[in-house]
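>>> coords please:
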Amino acid sequence: MTQTKIAIATKEAPAAIGPYSQAIRVGDTLFASGQIGLDPATGTLVAGGIAEQTTRVFENIKAVLAQAGLDLVHVVKTTVFLRSMSDFAAVNEIYAKYLAPTGVIPPARSTIAVAGLPKDALVEIEVIAKEA
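The predicted model follows:
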């Protein structure tokens, strides 16, 4: 049985800055492209540092999930890309507020230090979500 892939796009998150989709849905699973701290209205990185960028990343992720009829509780896997592992604790604090509030099972996760990210961002996060 062939499953159709469906592109998910919303103006509430930054437009793709390359030849990719904001997310692809296949059946009950959503594969979301990595989000950086871009303001969807301006297309530029939000002012501030790692906390502000991480918060914007999660707001962008929420918007993409919402367009697909999902929310953060549906996230089963994340990959976090950091330009500096010294930002790990700050990202973790914000990550926990969005993906691991009391009573919610946090998703599986990988965290990777990278040499650089698009637009010179400090953090990028991609998610996989599955409808219950």
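
>>> can you pull the contacts of G43?
If you count contacts by Cβ atoms under 8 Å, 6 or more residues apart in numbering, G43 has them with 14-15. Where C-beta positions appear, they are placed from N, C-alpha and C, glycine not excepted.

>>> change it to 7 Å
Counting by Cβ atoms under 7 Å, 6 or more residues apart in numbering, G43 touches P14.

>>> equivalent analysis for V64, please.
8, 10, 13, 22-23, 32.

>>> could you do L72 as well?
Contacts of L72 by Cβ under 7 Å, 6+ apart are 62, 65, 98-99.

>>> of those residues, closest to I50?
Y98 (14.6 Å; Cβ to Cβ).

>>> how about the secondary structure of that closest one?
helix (DSSP: H, G, I helix; E, B strand; the rest coil).

>>> what's the local residue count around G116?
G116: 9 surrounding residues under other Cβ atoms under 10 Å.

>>> quick one: it is in a helix?
No. Assessed with three-state DSSP, G116 is coil; it does not lie in a helix.

>>> now do the contacts for the closest residue to it other than its chain neighbours.
Counting by Cβ to Cβ, 6 or more residues apart in numbering, R83 is the residue found nearest to G116 once chain neighbours are left out, at 6.7 Å. R83 sits next to 114, 116-117, 122 when contact means Cβ under 7 Å, 6+ apart.

>>> strands of this structure, start to end?
For the chain, the strands defined by DSSP state E occupy 5-8, 23-26, 29-35, 75-82, 108-113, 123-130.

>>> what angle do the last one and strand 108-113 make?
On the basis of axes from the mean of the first three to the mean of the last three Cα atoms, to 10 degrees, strand 123-130 is oriented at 160 degrees to strand 108-113.

>>> what's strand 123-130 packed up against?
When contacts are defined as 3 or more Cβ pairs under 7 Å, 6 or more residues apart in numbering; DSSP states H and E, strand 123-130 sits against strand 29-35, helix 50-67, strand 75-82.

>>> do you know how far the nearest residue to V80 once chain neighbours are set aside is from T42?
Nearest residue to V80, sequence neighbours excluded (Cβ to Cβ, 6+ apart): T111, at 4.4 Å. According to Cβ to Cβ, to the nearest Å, T111 stands 28 Å off from T42.
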